[in-house]
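J.: Okay, predicted coordinates and the sequence, questions at the end:
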Amino acid sequence: MGMPGLGRVFLATCVGSFFVLVLYFQSITKPVALHSAIGDSRLGKSRRNPLQTLYSGDQHAELSAAQRSLRGRRELLEEACLSQTRKRRVLSPDDLRHLIVDDKHSLIYCYVPKVACTNWKRVLMVLTGDGRHSDPLAIPANEAHVAGNLRTLSEFPVAEINQRLRSYLKFVFVREPFERLVSAYRNKFTRSYNTAFHKRYGTKIIRRHRADPRPEALQKGDDVSFQEFVRYLVDPRTQREEPLNEHWERVHSLCHPCLIHYDVVGKYETLEPDARAVLALAGAEGLVRFPTSGKSTRTDGDMAARFFKNISPFYQKKLFNLYRMDFLLFNYSTPEYLRTR
């Protein structure tokens, strides 16, 4: 009686492995040709799929000009993946937790903290909602991050994951890695309201990387310096104990761009035109406007340079090595202020 039971377990394991392999191989292939329209039973009409709009080449002039830039980034990413990645691996459901699904508009968005992800989540809440929200900025920031307000790809059965990866437009927005890192540090460690981060990470950082810390600092963890934060990041114990927090985790570890074929790679530095292009591809530019900030990315570069001024070349090099893959994959130059020699 024991052997047939073992046989069934083995068969189930093999079938499960097969589906995971299917997910893996389909996720790294480019999209196949699609039908001219996809029926949406909820809307009672057919609509054009954004993936087909992107690859069909018959867009109007303004959209195609933006798409030429997006296509160039996509090609650079593919080339970098081919040259930099040696090992392939299968995707697990845990790898898909950052991929938000919009079934109404056939979109998959991989959100990256500190790259306008709050506003993208707000926009997707408007697009996927029941009409309750029409203005993204009317949605409180904390509501945009509530689990359950948006569905992630990890929540679907494997067959449905595969179908969406093949036929939906997949996009990600990235940012210069060290500017994103400085933004994460400032937000999580220098704002008095982020007590949860101070307790969770600040106390550990101070305990390990500050000589003779005061009891109050060990208890509150609310005065972590950028130098201490950098030492924490490059400490080998940090990643041995647990994954990096999503706010400073590398984009390639959050979104797996060499395993998932992203059709659009938007950049924080060109956020507004790139966001408009994505919404135009989805046929949603008349439904919602991406919130604009008007802030200069030049300021971000100057800010990062000031923070790195007090980091020794030894730690600058270690930190650059930690984020090297994001620099390479997304075509960001080594910062001029960096002293790694």
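T.: Happy to help now that I have it. Residues are numbered from 1 along each chain as shown.
J.: What strand or helix carries the most centrally placed residue in the chain?
T.: By CA atoms, centre = their mean, the chain has its centre lying nearest to Val112, at 3.2 Å. Using DSSP states H and E, no element contains Val112; it sits outside every helix and strand.
J.: how close does it get to Ile311?
T.: 23 Å (CB to CB, to the nearest Å). To be clear about C-beta, it is placed using only N, CA and C from the backbone, and glycine gets the same treatment.
J.: next one: Trp248
T.: 15 Å.
J.: Listing partners with orientation, what would you give for the strand of greatest length in the chain?
T.: If you go by DSSP state E, the chain has its longest strand at strand 169-174. According to DSSP bridges, strand 169-174 forms sheet pairs with strand 107-110 (parallel), strand 264-267 (parallel).
J.: Let's have the ones you listed in CSV, adding mean neighbour count and mean pLDDT.
T.: Shown next, in CSV, are those (neighbours: other CB atoms under 10 Å; pLDDT from 0 to 100):
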stretch, mean neighbour count, mean pLDDT
strand 107-110, 26, 98
strand 264-267, 24, 95
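J.: With respect to Lys188, which of those lies nearest?
T.: strand 107-110 (20.8 Å; CB to CB).
J.: Name the residues that touch the closest one?
T.: Strand 107-110 is contacted by residues 50, 98-102, 120, 124, 127, 153, 164-165, 168-172, 254-255, 260, 262, 278, 282 when judged by CB atoms under 8 Å, 6 or more residues apart in numbering.
J.: cutoff 6 Å now
T.: His98, Leu99, Ile100, Val101, Tyr168, Leu169, Lys170, Phe171, Val172, Cys255, Ala282 (CB atoms under 6 Å, 6 or more residues apart in numbering).
J.: do you know how far Lys317 is from Leu338?
T.: Counting by CB to CB - Lys317 and Leu338 are separated by 8 Å.
J.: again, but for Leu233
T.: 15 Å.
J.: isn't Pro136 right up against Arg122?
T.: Yes - checked against CB atoms under 6 Å, the pair Pro136 and Arg122 is within contact range at 3.7 Å.
J.: Give me the neighbour count for His252.
T.: Residues near His252, counting by other CB atoms under 10 Å, number 21.
J.: what's near enough to touch Asn331?
T.: Contacts of Asn331 (CB under 6 Å, 6+ apart): Leu76.
J.: Return the backbone torsion pair for it.
T.: phi 60, psi 50 (degrees, to the nearest 10).
J.: Let the chain start at 756 from now.
T.: Will do, 756 is the new start, and the previous item becomes Asn1086.
J.: Tell me the confidence at it?
T.: Listed pLDDT for Asn1086 reads 96.
J.: Just give me how far stretch 894-912 sits from the chain centre.
T.: Chain-centre distance of stretch 894-912: 14 Å, with CA atoms, centre = their mean, to the nearest Å.
J.: Report the backbone C-alpha coordinates of it in CSV.
T.: Once non-C-alpha atoms are left out, stretch 894-912 reads as follows in CSV (Å, rounded to 0.1, in the frame of the first residue of the first chain):
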residue,chain,number,x,y,z
ILE,A,894,-6.3,58.3,-2.2
PRO,A,895,-4.3,58.6,1.0
ALA,A,896,-0.7,57.3,0.6
ASN,A,897,-1.1,54.7,3.4
GLU,A,898,-4.3,53.3,1.7
ALA,A,899,-2.3,52.8,-1.5
HIS,A,900,-0.1,50.3,0.3
VAL,A,901,-2.8,48.4,2.1
ALA,A,902,-2.5,44.7,1.2
GLY,A,903,-5.6,43.5,-0.7
ASN,A,904,-6.4,46.8,-2.4
LEU,A,905,-4.5,45.6,-5.5
ARG,A,906,-4.0,42.0,-6.6
THR,A,907,-0.5,40.6,-7.2
LEU,A,908,0.6,37.9,-9.6
SER,A,909,1.5,35.6,-6.8
GLU,A,910,-2.2,35.2,-5.9
PHE,A,911,-3.1,33.5,-9.1
PRO,A,912,-2.9,29.8,-10.0
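J.: in the protein, which spans are strands?
T.: Under DSSP E, the chain gives strands at 793-795, 800-802, 854-857, 862-865, 906-907, 924-929, 1019-1022.
J.: The ones you listed: which one's closest to Tyr1078?
T.: strand 924-929 (11.7 Å).
J.: mean confidence for the closest one?
T.: The model assigns strand 924-929 a mean pLDDT of 97.
J.: Show residues contacting that strand.
T.: With contacts defined as CB under 6 Å, 6+ apart, strand 924-929 is touched by 805-806, 862-865, 870, 1006, 1010, 1017-1019, 1021-1022, 1033, 1085.
J.: quick check, nearest of these to Gln994?
T.: Val1006 (15.9 Å).
J.: so who does the residue lying closest to Val878 once chain neighbours are set aside touch?
T.: The shortest distance from Val878 to any non-neighbouring residue, by CB to CB, 6 or more residues apart in numbering, is to Pro891 (5.1 Å). Contact analysis of Pro891 by CB under 6 Å, 6+ apart lists Arg877, Val878, Val881, Pro1046.
J.: For the residues you listed, work out which two are farthest apart.
T.: Between any two of the contacts of Pro891 (CB to CB), the greatest distance is 10.7 Å, for Val881 and Pro1046.
J.: As a check, name the ranges of all helices in the stretch 756-905 of the chain.
T.: 757-782, 805-811, 816-839, 872-883, 896-899 (DSSP state H, counting those that start in this stretch).
J.: hang on, the earlier thing: and the longest strand of the chain with helix 816-839, angle?
T.: 70 degrees (axes from the mean of the first three to the mean of the last three CA atoms, to 10 degrees).
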